[in-house]
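output the structure for:
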Amino acid sequence: MKERIKRAFSRAQYAAIGAALGGFLGGILSRNAASTGAATGALVGAVIGEKRHELDNMVQDVKEGETGGRIPTIGDDEDSQSSESKGRISQLRGSTNTDE
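This is a model prediction of the structure:
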């Protein structure tokens, strides 16, 4: 639960910053552009906040040595690929197509 709250606050913080910047830049042009810029900035900020939180967690895992000897990637988890797709990937890697 604590992790979910941290992630939500990270998204909210970056969304607020993005909305402020987008609103400011859009406000230079017009009132309508200010609201559109704020909405777009909030969306971009929320995405950045989510990715930043994931990166912070990965860095912490690497520092603590909890990676199991491999380097994690964004969105990487134990169940990210089914065994069927892993088998298909290994088949594709094993097959070589040599057209002579």
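
need the helix or strand of this structure with the lowest average pLDDT.
Considering only helices and strands, the least confidently modelled element of the chain by mean pLDDT, DSSP states H and E is helix 83-94, at a mean of 57.

so which bits of stretch 26-35 are buried?
Of the residues in stretch 26-35, 26, 34 count as buried by neighbour count, 16 or more other Cβ atoms under 10 Å. Every residue, glycine included, has its C-beta placed from N, CA and C.

from now on call the first residue 4
Taking 4 as the first residue, the last one we looked at is stretch 29-38.

so for it, what's the average pLDDT?
Across stretch 29-38, the average pLDDT comes to 91.

what about that stretch, start to end distance?
For stretch 29-38, the separation between the terminal residues is 7 Å (Cα to Cα, to the nearest Å).

could you point out the longest helix in this structure?
With residue count as the measure and DSSP state H as the assignment, the chain has helix 34-67 as its longest helix.

would you mark the buried spots in that one?
For helix 34-67, the neighbour count (16+ other Cβ under 10 Å) marks 37, 40-41, 43-45, 47-49, 51-53, 56-57, 61 as buried.

for it, name the packing helices and strands.
Under the contact definition 3 or more Cβ pairs under 8 Å, 6 or more residues apart in numbering; DSSP states H and E, helix 34-67 sits against helix 5-32.

any regions of the protein where pLDDT drops low?
In the predicted model, the chain carries pLDDT under 70 at residues 69-103.

can you list contacts of stretch 18-34?
Where contact means Cβ atoms under 8 Å, 6 or more residues apart in numbering, the residues beyond stretch 18-34 that reach it are 36-49, 51-52.

C-alpha coordinates for stretch 8-27, CSV please?
In CSV, the C-alpha atoms belonging to stretch 8-27 read as follows (Å, rounded to 0.1, in the frame of the first residue of the first chain):
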residue,chain,number,x,y,z
ILE,A,8,0.8,5.9,-2.4
LYS,A,9,4.3,6.9,-3.3
ARG,A,10,3.6,6.2,-6.9
ALA,A,11,0.4,8.3,-6.8
PHE,A,12,2.2,11.2,-5.2
SER,A,13,5.0,11.0,-7.7
ARG,A,14,2.5,11.1,-10.6
ALA,A,15,0.6,14.0,-8.9
GLN,A,16,3.8,16.0,-8.3
TYR,A,17,5.0,15.8,-11.9
ALA,A,18,1.4,16.3,-13.3
ALA,A,19,1.1,19.5,-11.3
ILE,A,20,4.5,20.8,-12.6
GLY,A,21,3.6,19.8,-16.1
ALA,A,22,0.2,21.5,-15.9
ALA,A,23,1.8,24.7,-14.6
LEU,A,24,4.4,24.8,-17.4
GLY,A,25,1.9,23.8,-20.1
GLY,A,26,-0.5,26.5,-18.8
PHE,A,27,2.2,29.1,-18.8
